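Peer 1: Just the structure for this:
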Amino acid sequence: MATATQTQQGFVPVEALEKPWRFDLFRRWPWLKRLVRMRSFQYFLLLPNLFMFYLFLIAGLFGTPVGSSNIIIMYVWILWWFVLIAVMMPFGSRIWCTMCPLPFFGDWLQRGAVIKVRSGKSPGTNNKFFGLHKRWPKKLSNIWLQNFGFLLLATFSALLVTRPIVSVIVFGIMIVVATGLALIYRLRTFCNYVCPISGFLSLYAMTATLELRSTDKDECLKCTTKSCIRGSEDGWACPWNVYMGKLDRNNYCGLCFECVKSCPNDNISLFVRPFATSDIVIRGYDEVWKASIMLVLAFSYSVVLLGPYGQLKDWANISEVGNWGGFGLYAAGQALLALVVFPGLYYLSIRLAKWYAKIDNVSTKELFLRYAYMLVPMGLLAWIAFSVPLIMVNGSYIISVTSDPLGWGMDLFGTAHFPWTPFWPEWVPFIQVPILLAGFYYGVRGIHKVGRQLFSDPVQLHRSLVPPTALLLGVTLVFMKLFIG
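Peer 2: Numbering: from 1, shown residues only. From the prediction side, this is the model:
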């Protein structure tokens, strides 16, 4: 397989030509590293979230059943979702995992501590953990459970985002499952392999402008303690079971910063990097199908929530209409599109690429996996484009519900009667179109970079890009049609 490109001096590795720039935040701001190394750092972020989460559950249980007047719906499914997908993911990687309240109780019971470190010996670590500490089954050590879990939640989204009690039930189940798994299995098994939110965070973290990495890989190879993954008296074993010496993607780093605390060589730093140009390697079919599911769901949501298709809206809105036959057709069609039809179209584009470029030195499987990266930035930016009208049209509800979080007629901050006021709705298409074009640009740029690592012949390279690029262009145009008519 060719992995080089030609320069005036001959062939050199593509990685040497295209290594993205990085800016070391810890070196530039030493106070930031001191802050991160504090044992209480993560809990400074987590405790406010726990408080808000408790308030949301109370509101969902005892507040008004009207979604637009209940804080759990407005804050979680409008405000949090927009901030997560449009701000945290592209600029902060998996920073949400740093402060997520769902695994808190499991971590507490598993560690027997909230802030302090418990040194000792548990299998594979230098820390003392409680519980059975079993290994998660190897066959399930992927994100397939997360794929199907997210697709299932998305299918019942009409219930989830309009009925407060349904959100309470879903979050309650996730807390119980996360806690139970922590008492049975090692580390954060729930976050790594089960949590449906973690699955798409894993995928879209590849595009993020933030990364936690070792500063010198050779230093990691010489390290005998491997404290980043095993833990030490200063930090817990990596909850995500990540060895920093081999970490080269954001996918499975939850930014807990335990490795920064435990590394005996001060060899880990936080870097800023370019958007969607560093982590470009898809490593398994589970990740390809996650990209397909997320892209199709962005399309499905756009059709149902933003499109003029009344029949589809009725089918999807099982919470109001109650047409279970129509809902079954909607759910089956969405699953078929996400799991079969779109992956099939993508596979066809790869077969056409192999034929058109006369590729015999790269397998269909490798090309299928590697070129799938184009779906990652396209999917993320399609979700951002979809989320823009949600926050601009429904954002005023957030203002009113802040003063009356349970819908009981309170007016804590004098804004309870703030009228529903869409914010500049006429500007929505002018924001969405550049976002979609950026998704297309970064998708094509990504597979071009991948292609340069696969093919030394520029003609073969460019021919191989034509079919998948045509598919990505078609996806972009379909979203534009949905958003701007």
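
Peer 1: Might one say that L295 is in contact with V475?
Peer 2: Yes - contact criterion C-beta atoms under 8 Å: L295 and V475 qualify, at 7.0 Å. Backbone N, C-alpha and C define where each C-beta goes, glycine included.

Peer 1: Overlap of the contact sets of those two?
Peer 2: M378, A382 (C-beta atoms under 8 Å, 6 or more residues apart in numbering).

Peer 1: where does the chain have its least confident helix or strand?
Peer 2: Least confident element among the helices and strands of the chain, by mean pLDDT, DSSP states H and E: strand 10-13 (a mean of 38).

Peer 1: any weak-confidence spans in the stretch 201-350 of the chain?
Peer 2: 321 (pLDDT under 70).

Peer 1: What ranges does it have for its strands?
Peer 2: For the stretch 201-350 of the chain, the strands defined by DSSP state E, counting those that start in this stretch cover 210-214, 268-272.

Peer 1: would TSV of those with distance to D404 and mean neighbour count be doable?
Peer 2: Below are the strands of the stretch 201-350 of the chain laid out as TSV (distance: least, C-beta to C-beta, whole Å; neighbours: other C-beta atoms under 10 Å):
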stretch	distance to D404	mean neighbour count
strand 210-214	36	22
strand 268-272	40	20
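
Peer 1: Of those strands, which is nearest L380?
Peer 2: L380 sits nearest to strand 210-214 of all the strands of the stretch 201-350 of the chain, at 14.4 Å, using C-beta to C-beta.

Peer 1: Can you show me the CA trace of the closest one as PDB?
Peer 2: The C-alpha coordinates for strand 210-214 follow below in PDB (Å, rounded to 0.1, in the frame of the first residue of the first chain):
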ATOM      1  CA  LEU A 210      -9.100  20.400  21.700                       C
ATOM      2  CA  GLU A 211      -7.100  17.300  22.500                       C
ATOM      3  CA  LEU A 212      -5.400  15.800  25.500                       C
ATOM      4  CA  ARG A 213      -2.100  14.000  24.500                       C
ATOM      5  CA  SER A 214       1.300  13.000  25.700                       C
END
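
Peer 1: Begin at 349 from now on, thanks
Peer 2: In the new count, where the first residue is 349, that last one comes out as strand 558-562.

Peer 1: Now do that strand: which elements does it pack against?
Peer 2: Applying 3 or more C-beta pairs under 8 Å, 6 or more residues apart in numbering; DSSP states H and E, one finds that strand 558-562 contacts strand 616-620.

Peer 1: quick one: the strand it packs on to strand 558-562, angle?
Peer 2: Counting by axes from the mean of the first three to the mean of the last three C-alpha atoms, to 10 degrees, strand 616-620 points 150 degrees away from the direction of strand 558-562.

Peer 1: Beyond the strand or helix carrying Q780, next helix or strand please.
Peer 2: Assigned by DSSP states H and E, Q780 falls within helix 776-802. Proceeding N to C from helix 776-802, the next assigned helix or strand is helix 806-832, under DSSP H and E.

Peer 1: Could you give the separation of that next one from the chain centroid?
Peer 2: In terms of C-alpha atoms, centre = their mean, to the nearest Å, the centre of helix 806-832 is found 23 Å from the chain centre.

Peer 1: Could I get the contacting residues of A553?
Peer 2: Going by C-beta under 8 Å, 6+ apart, A553 touches M437, S441, R442, N598, N599, C601, D627.

Peer 1: can we see that at 6 Å?
Peer 2: S441, R442, N598, N599 (C-beta atoms under 6 Å, 6 or more residues apart in numbering).

Peer 1: Report the buried residues of the helix holding Q780.
Peer 2: 776, 780-781, 783-784, 786-788, 790-792, 794-795, 797-802 (16 or more other C-beta atoms under 10 Å).

Peer 1: quick one, that helix and helix 806-832 angle?
Peer 2: Using the same axes, to 10 degrees, helix 776-802 lies at 160 degrees relative to helix 806-832.

Peer 1: ranges for the helices of the stretch 499-648 of the chain?
Peer 2: All helices of the stretch 499-648 of the chain, identified by DSSP state H, counting those that start in this stretch, fall at 505-508, 512-532, 537, 544-552, 565-570, 575-578, 606-610, 633-649.

Peer 1: Now do the shortest one: distance to the chain's middle.
Peer 2: How far helix 537 lies from its chain's middle: 17 Å, per C-alpha atoms, centre = their mean.

Peer 1: Between helix 633-649 and the helix holding Q780, find me the angle.
Peer 2: 160 degrees.

Peer 1: list the helices and strands helix 776-802 packs on?
Peer 2: Packing partners of helix 776-802 (3 or more C-beta pairs under 6 Å, 6 or more residues apart in numbering; DSSP states H and E): helix 723-751, helix 806-832.

Peer 1: One more pass at 10 Å, please.
Peer 2: Applying 3 or more C-beta pairs under 10 Å, 6 or more residues apart in numbering; DSSP states H and E, we find helix 776-802 packed against strand 352-355, helix 362-366, helix 712-719, helix 723-751, helix 806-832.
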